[in-house]
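Novice: sequence-free structure coming up:
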């Protein structure tokens, strides 16, 4: 790189930061036979630019801020799933698979130290922390062995990001595992002329209770008038039922239980009932379940469907309303103003967050992570950012506490954590590029071999146990691998190849416990060595 360009970038570190982000996302969007790096490319662009301009320096606080935003957003979004997962069979299996893999990786590292005298234990522990992308584990190694572990960490860290991405990508490309997703789900309706003798005289409530989950009777047409379905109404000959659901095949099968489908009459007639969508922005409704949602009977309204992000969700009694949800309602047009007032219907709410909640939540998380816990034989242990994530998971499960609102709209949460992830990757790449290049030039092959072996074992053992022993679905396993290896870039790639919410849930279930385990293992080795 020309010297004047290097001097310019050194004088303009923020320009270098956002240049790295822009070029990283451009390269990350390149798709080669289904394989793309996505936001993970930001790290590699940062490493290249940092090696080309070794004088370039960015405050570590920027990277810490990015990681903080990402972890807090993940915790708030998936707190309920994390705590449910810990008590579930799949959650226990995921933690067993990841913990076994972490301990196998540590055993491999100790074998390298035994058979390769050129490697010191401190440097090897740094490589173990880097391969597991655990800054907290590196800090524990530095406390025990001085500056030596930083060398192994700087070389192994990029491998800890690249190798899991490559292994997940190759497995996905070769095996093409089936991934069940509701991301493209859409609400469907059927209009049915009732002519089946078995349902005549049955109330709509009795008929609805015999329907599969996710299928609902929304309205009835009688005497050329559309009426909201009332559980006490008895089905008569000549009635037309409007039935809704997101599984089109199941919906059509259910329709045949009542009679012949005859679309058009109910949906074309808007005189008595009409359909409208409203945004959920009323704070009093956020966090309520559909079973507790009280719509005044005078409004003569019926909830038809609920849409969150890009998916229509089944209407179940335990479904929780989130800020920014769009709720579809069948009601007389005269009721729309009152319904709009009830739900809030503010588009701006999809981007609103409680900055008081974020400030208090992050303060609690950082404070908890800074506490030094005395453990037998190990001395003082602090959780660092793992403590922040644990607190965020707890707050996300609680949703609110008194005047504090912890939950966020999905769109705002995505922006928060994706920006944090991108900022973190760019800063780490730019800051470690020069050290990475120098270390590779001196002892590159040995460190590359050690780092690659550690992370390959970590990923392979996790996938083997989770996929082959416990038979977990691939999208969950991708998140478990991201949690076991610990880097947000791997989670971003897992979300790219498995576009469901399971990678995030798997990551949230695994990352805190594996971070704590890595810290404890590094400190245990340090105590054993001394």
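Specialist: Sure, I can see it. If you're wondering where the values come from, they're calculated on a predicted model, not measured in any experiment. Residues are numbered from 1 along each chain as shown.

Novice: Now that we're looking at residue 508, what pLDDT does it have?
Specialist: Looking at residue 508, its pLDDT is 80.

Novice: For it, which residues are in contact?
Specialist: Contact partners of residue 508, counting by CB atoms under 8 Å, 6 or more residues apart in numbering, are 74-75, 78-79, 81-82, 85, 389, 393, 479, 483. In short, each C-beta sits where N, CA and C put it, glycine included.

Novice: Counting only helices, which of the residues you listed make the cut?
Specialist: Secondary structure defined by DSSP state H assigns 74-75, 78-79, 81-82, 85, 389, 393, 479, 483 of these to helices.

Novice: And the average pLDDT for stretch 85-95 is what?
Specialist: For stretch 85-95, the per-residue pLDDT averages 84.

Novice: Buried residues in it, which are they?
Specialist: 85, 90-91, 93-95 (16 or more other CB atoms under 10 Å).

Novice: Now render those residues as a markdown table, adding distance to residue 161 and secondary structure.
Specialist: What follows is the buried residues of stretch 85-95, written out as a markdown table (distance: CB to CB, whole Å; DSSP: H, G, I helix; E, B strand; the rest coil):
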| residue | distance to residue 161 | secondary structure |
| --- | --- | --- |
| 85 | 25 | helix |
| 90 | 26 | helix |
| 91 | 25 | helix |
| 93 | 25 | helix |
| 94 | 21 | helix |
| 95 | 22 | helix |
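
Novice: count of residues packed around the residue nearest to residue 27 when sequence neighbours are not counted?
Specialist: Leaving aside its sequence neighbours, residue 27 sits nearest to residue 41 (CB to CB, 6 or more residues apart in numbering; 4.3 Å). Residues contacting residue 41 under the criterion other CB atoms under 10 Å number 24.

Novice: Contacts only, for residue 41.
Specialist: Applying CB under 8 Å, 6+ apart, the residues near residue 41 are 24-25, 27-28.

Novice: quick one: which of the residues you listed is nearest residue 140?
Specialist: Lowest distance from residue 140 to those (CB to CB) belongs to residue 24, with 30.0 Å.

Novice: ok, and for the helix or strand containing that closest one, which residues are buried?
Specialist: Secondary structure from DSSP states H and E places residue 24 in helix 13-28. Of the residues in helix 13-28, 13, 16-17, 19-21, 23-25, 27-28 count as buried by neighbour count, 16+ other CB under 10 Å.

Novice: Put together JSON lines for the ones in helices among the contacts of residue 508, with distance to residue 250 on each row.
Specialist: Below are the ones in helices among the contacts of residue 508 laid out as JSON lines (distance: CB to CB, whole Å):
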{"residue": "74", "distance to residue 250": "33"}
{"residue": "75", "distance to residue 250": "35"}
{"residue": "78", "distance to residue 250": "28"}
{"residue": "79", "distance to residue 250": "32"}
{"residue": "81", "distance to residue 250": "25"}
{"residue": "82", "distance to residue 250": "31"}
{"residue": "85", "distance to residue 250": "28"}
{"residue": "389", "distance to residue 250": "38"}
{"residue": "393", "distance to residue 250": "34"}
{"residue": "479", "distance to residue 250": "28"}
{"residue": "483", "distance to residue 250": "34"}
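
Novice: pLDDT check: weakest of those?
Specialist: Least confident of those in the model: residue 85, at 70.

Novice: Closest to residue 456 out of the contacts of residue 508?
Specialist: Among the contacts of residue 508, and counting by CB to CB, the member closest to residue 456 is residue 483, at 17.1 Å.

Novice: Just give the number of residues close to the closest one.
Specialist: By other CB under 10 Å, the residues close to residue 483 number 29.

Novice: That one contacts residue 509, correct?
Specialist: Yes. Between residue 483 and residue 509 there is a contact under CB atoms under 8 Å: 6.7 Å.

Novice: residues shared between the contacts of these two?
Specialist: residue 94.

Novice: angle of the longest helix along the chain against helix 13-28?
Specialist: The longest helix of the chain (DSSP H) is helix 410-463. Counting by axes from the mean of the first three to the mean of the last three CA atoms, to 10 degrees, helix 410-463 points 60 degrees away from the direction of helix 13-28.
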